[in-house]
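K.L.:
quick check, what structure comes out for this input:
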Amino acid sequence: MANPAPACSCCGTPISDEERIDARFGLPDAALEVPQEARHEVGVAALLRVDGVGSFIRCLLPVRLTGGTELVLGTWLRISDDDLDHAHRIWEDPAYRELTLRGTMANAIKPWGDDLRDAPATVVVRSPDEIPYVDHSDDELLRRILTTTWDRDDVLCRLAHPLPVPVRTPLNEHWSIERTSGLSARVVDRTHRFLAPGRTVHADVFSDRIRRSPEDFLAALVSGAPAVPPEQQITEDTPDGIRYAFWAVSTPDGRTQYELYGFTVHRNGTAAGVVCMWDEPDDLAWALHVWRSVRSEDSVTG
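P.N.:
Numbers count the residues shown, from 1 in each chain. Reported below is the predicted structural model:
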């Protein structure tokens with residue numbers, strides 16, 4: 001009998017294997033602003049010629065992360081037109097196993113950003129069933145990326161893609177939250193938004209300019225909130241303050257939506273607030289987990 005898939009202890013959601021995480025960049029950065037008719041696949045989706053820009057091959061950049069995880073980034077390498085034609089000719093032949101190409105990285109990848117783009121790199125084929133891997137480089141940063149073990153959360157929290165694992169994500173220099181598995185990430189008007197079908201999280205940070213007690217600051221934050229029964233709210237002490245959450249059901253556009261509003265207040269005069277929205281009634285455990293995952297980094301380092 002097969003072993004059951006691992007599941008989240010808070011809500012039972014299946015968790016994918018954490019040993020390898022794949023993330024993909026759809027296009028080279030230089031092709032993002034080019035009209036679609038100027039982008040041409042050359043035989044296969046991994047080979048691209050862009051009018052007036054150049055030639056590119058899709059490749060895999062492996063990054064070792066703490067906790068025994070490998071992040072494999074599907075990125076692009078800028079190559080010569082002759083190399084693109086050569087790769088096209090042998091792509092389906094046994095000679096593909098020996099393909100080696102030299103070019104420059106074509107995406108700015110966080111957390112390394114623009115310093116990585118245009119770095120020289122050599123790609124090689126490790127398996128005939130996969131596109132080439134970035135193997136080595138003369139660039140100091142890219143060599144470090146290939147040979148260093150990087151902090152898992154620090155790297156993964158920069159990726160907007162939905163990820164198969166939970167990732168601790170900073171809200172600012174003082175607060176962080178767990179972005180649970182399967183959620184994409186973006187920031188809109190300073191609000192962190194994590195999105196997946198049937199689940200949404202909004203997270204914000206607040207400052208108390210008059211430095212009230214945590215209890216008084218919390219009272220101000222929830223002023224005007226709707227009244228809910230005692231069984232739909234909870235207050236908990238934390239080592240450095242207090243947290244409170246309440247949940248209710250709404251019917252936007254005639255559909256049932258479950259909502260949790262939660263605040264965590266620190267004695268340093270700052271607070272973090274989360275709004276969790278979900279479709280399935282059993283996801284209250286997930287929402288409570290997200291609320292309780294909010295953490296003051298001042299408490300961790302203090």
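K.L.:
all contacts plus neighbour counts: C-alpha atoms, from now on.
P.N.:
Fine.
K.L.:
what's the spacing between the helix or strand hosting Tyr261 and its chain's center?
P.N.:
Tyr261 is located in strand 257-266, with elements delineated by DSSP states H and E. Taking the mean of its C-alpha atoms, strand 257-266 sits 22 Å from the chain's own mean (Cα atoms, centre = their mean, to the nearest Å).
K.L.:
run through who's touching that strand.
P.N.:
With contact meaning Cα atoms under 8 Å, 6 or more residues apart in numbering, strand 257-266 is reached by 214-215, 217-218, 221, 240-251, 271-281, 287-288, 291, 294-296.
K.L.:
direction included, what does it pair against?
P.N.:
The strands beside strand 257-266 in its sheet (DSSP bridges) come out as strand 241-250 (antiparallel), strand 270-278 (antiparallel).
K.L.:
please identify the most buried of the ones you listed.
P.N.:
Mean neighbour counts were compared across the strands paired with strand 257-266 using mean count of other Cα atoms under 10 Å; the top stretch is strand 270-278, at a mean of 23.
K.L.:
the next helix or strand after it: which residues count as buried?
P.N.:
Moving toward the C-terminus from strand 270-278, the first helix or strand encountered (DSSP H and E) is helix 284-293. Neighbour counts over helix 284-293 (16 or more other Cα atoms under 10 Å) mark Leu284, Trp286, Ala287, Leu288, His289, Val290, Trp291, Arg292, Ser293 as buried.
K.L.:
could you pull out the helices for the stretch 1-150 of the chain?
P.N.:
Using DSSP state H, counting those that start in this stretch, the helices assigned to the stretch 1-150 of the chain run over residues 81-90, 140-147.
K.L.:
okay if I get those as TSV plus distance to Leu195?
P.N.:
TSV is the format used below for these (distance: least, Cα to Cα, whole Å):
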stretch	distance to Leu195
helix 81-90	38
helix 140-147	29
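K.L.:
so for the nearest residue to Val42 once chain neighbours are set aside, what's the pLDDT?
P.N.:
Computed as Cα to Cα, 6 or more residues apart in numbering, the closest residue to Val42 that is not its neighbour in sequence is Leu48, at 5.7 Å. Leu48 carries a pLDDT value of 98.
K.L.:
next up, the contacts around Leu48.
P.N.:
With contact set as Cα under 8 Å, 6+ apart, Leu48 has these partners: Arg39, His40, Glu41, Val42, Ser55, Phe56, Ile57.
K.L.:
just the buried residues of those residues.
P.N.:
Using 16+ other Cα under 10 Å as the threshold, Arg39, Val42, Ser55, Phe56, Ile57 are the buried ones among the contacts of Leu48.
K.L.:
pick the one among the residues you listed closest to Ala23.
P.N.:
Taking Cα to Cα as the measure, Ala23 sits nearest to Ile57 out of the buried ones among the contacts of Leu48, at 16.3 Å.
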